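Chemist: Based on what follows, work out the 3D shape:
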Amino acid sequence: MADPMHQFEVQKIVDLPDFSIPGVGVIDMAFTNSTLAMTLAAGAIVAFMAVSTAKVSVVPGRLQAMGEGAFSYIDNLTTSIIGHEGRKFFPFIFTLFLFILAMNILGLFLVFTATSQLAVTATLAIMTILLVLIVGFARNGASMYKLFVPAGVPWYMLLLVTPIEFISFLLRPATLALRLFGNMLGGHVALKVFAGFIISLGGLAAGGGLGLLGIPGAAVSLGGVVALTALEFLVAFLQAFVFAVLTCVYLNDVVNLGHHH
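Modeler: Numbers count the residues shown, from 1 in each chain. Got it, this is the predicted structure:
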């Protein structure tokens with residue numbers, strides 16, 4: 001349990017029969033701690049929105065104010081980046097933001113953080129890019145090539161710029177997935193390491209003698225855990241916010257292709 005990577009191990013809670021897809025292979029359908037964390041996050045969102053909107057009043061209470069604040073925050077984000085058509089994509093971006101935020105925050109209270117799994121963050125990133133591609137081709141058709149050909153660039157520079165733009169587009173899902181995964185993984189590893197220092201130095205001090213020198217170190221480690229925990233709450237929000245912002249930016253590229261709003 002002292003291993004800082006142990007907390008990221010996916011473990012089966014309920015073992016269910018495997019599901020086989022021809023041409024794909026066998027899929028393990030077991031209900032894991034990762035599935036549980038995502039289920040709890042989704043349930044927390046539904047419960048929060050249900051409670052915050054159960055009794056709507058002119059003068060909002062705390063829960064209603066929080067619900068309306070989250071709604072207007074993402075609404076302003078989508079319209080400010082995408083433009084007047086941003087509200088068409090509001091349900092997806094709002095759900096994405098709340099889901100990531102809920103998983104990040106629950107990971108600070110539970111043993112398992114779903115967003116510390118690359119499979120989870122990669123799935124969210126692939127969903128986002130697929131939406132961008134669908135919207136892009138539906139709205140622009142063959143003119144999607146303009147996404148890789150910036151306006152005003154001399155033709156001879158396009159030989160260099162176009163491949164760079166294309167590769168940059170292909171890397172978008174990877175950067176989306178790795179940014180969220182890396183930040184949540186790194187923060188939790190640091191917390192586990194500092195918490196381990198507290199236990200190790202505290203056990204050393206319990207032996208008496210020179211071991212008492214471990215008390216100041218344990219106190220410093222405890223302060224580090226408190227500081228890192230506060231930072232992790234900020235990171236939990238920022239990572240959900242950054243994911244939502246980049247989703248809006250990528251959608252803006254295809255919605256307003258060829259012109260600025």
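
Chemist: Run through the neighbouring helices and strands of the helix or strand containing Thr229.
Modeler: Secondary structure from DSSP states H and E places Thr229 in helix 214-255. Counting contacts by 3 or more Cβ pairs under 8 Å, 6 or more residues apart in numbering; DSSP states H and E, helix 214-255 packs against helix 62-82, helix 90-109, helix 118-140, helix 172-206. No exception for glycine: its C-beta is placed from N, CA and C like everyone else's.

Chemist: where does this structure have low pLDDT?
Modeler: Scanning the chain for pLDDT under 70 picks out 1-2, 56, 58-59, 111, 206-211, 258-261.

Chemist: Apply 90 and report the result again.
Modeler: Across the chain, the ranges flagged by pLDDT under 90 are 1-31, 33, 48-71, 83-87, 107-113, 139-162, 165, 187-226, 228-229, 256-261.

Chemist: if we can go back for a sec, now do the helix holding Thr229: distance to the chain's middle.
Modeler: Chain-centre distance of helix 214-255: 10 Å, with Cα atoms, centre = their mean, to the nearest Å.

Chemist: likewise stretch 145-157?
Modeler: The mean C-alpha position of stretch 145-157 is separated from the chain mean by 32 Å, Cα atoms, centre = their mean.

Chemist: mind listing what's buried in that stretch?
Modeler: 147-148 (16 or more other Cβ atoms under 10 Å).

Chemist: tell me the contacts of the nearest residue to Leu222 once chain neighbours are set aside?
Modeler: The shortest distance from Leu222 to any non-neighbouring residue, by Cβ to Cβ, 6 or more residues apart in numbering, is to Ile198 (5.5 Å). Shown in contact with Ile198 (Cβ atoms under 8 Å, 6 or more residues apart in numbering): 218, 221-222, 225.

Chemist: can you pick the most crowded of these?
Modeler: Among the contacts of Ile198, Ser221 has the most neighbours (other Cβ atoms under 10 Å), with 21 neighbours.

Chemist: quick one: that one and Ser116, what's the gap?
Modeler: Distance of Ser221 to Ser116, given as Cβ to Cβ, to the nearest Å: 22 Å.

Chemist: Ok, Ala30 next?
Modeler: Distance, Ala30 to Ser116, by Cβ to Cβ: 19 Å.

Chemist: More neighbours: those two, which one.
Modeler: More neighbours surround Ser116 than the other of Ala30 and Ser116, with 25 against 15 (other Cβ under 10 Å).

Chemist: Phi, psi for the more buried one please.
Modeler: Backbone torsions for Ser116, taken as degrees, to the nearest 10, come to phi -90, psi 0.

Chemist: What's the local residue count around Asn140?
Modeler: 16.

Chemist: and it, what does it touch?
Modeler: Neighbouring residues of Asn140 by Cβ under 8 Å, 6+ apart: 146, 254, 257.

Chemist: again, only this time at 10 Å
Modeler: If a contact means Cβ atoms under 10 Å, 6 or more residues apart in numbering, then Asn140 has 146-147, 254-255, 257-258 as its contacts.

Chemist: and the residues you listed as TSV, adding distance to Arg139?
Modeler: As requested, those are exported to TSV (distance: Cβ to Cβ, whole Å):
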residue	distance to Arg139
Lys146	12
Leu147	11
Val254	7
Val255	7
Leu257	7
Gly258	11
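
Chemist: and the two most separated of those?
Modeler: Lys146 and Val255 (12.8 Å; Cβ to Cβ).
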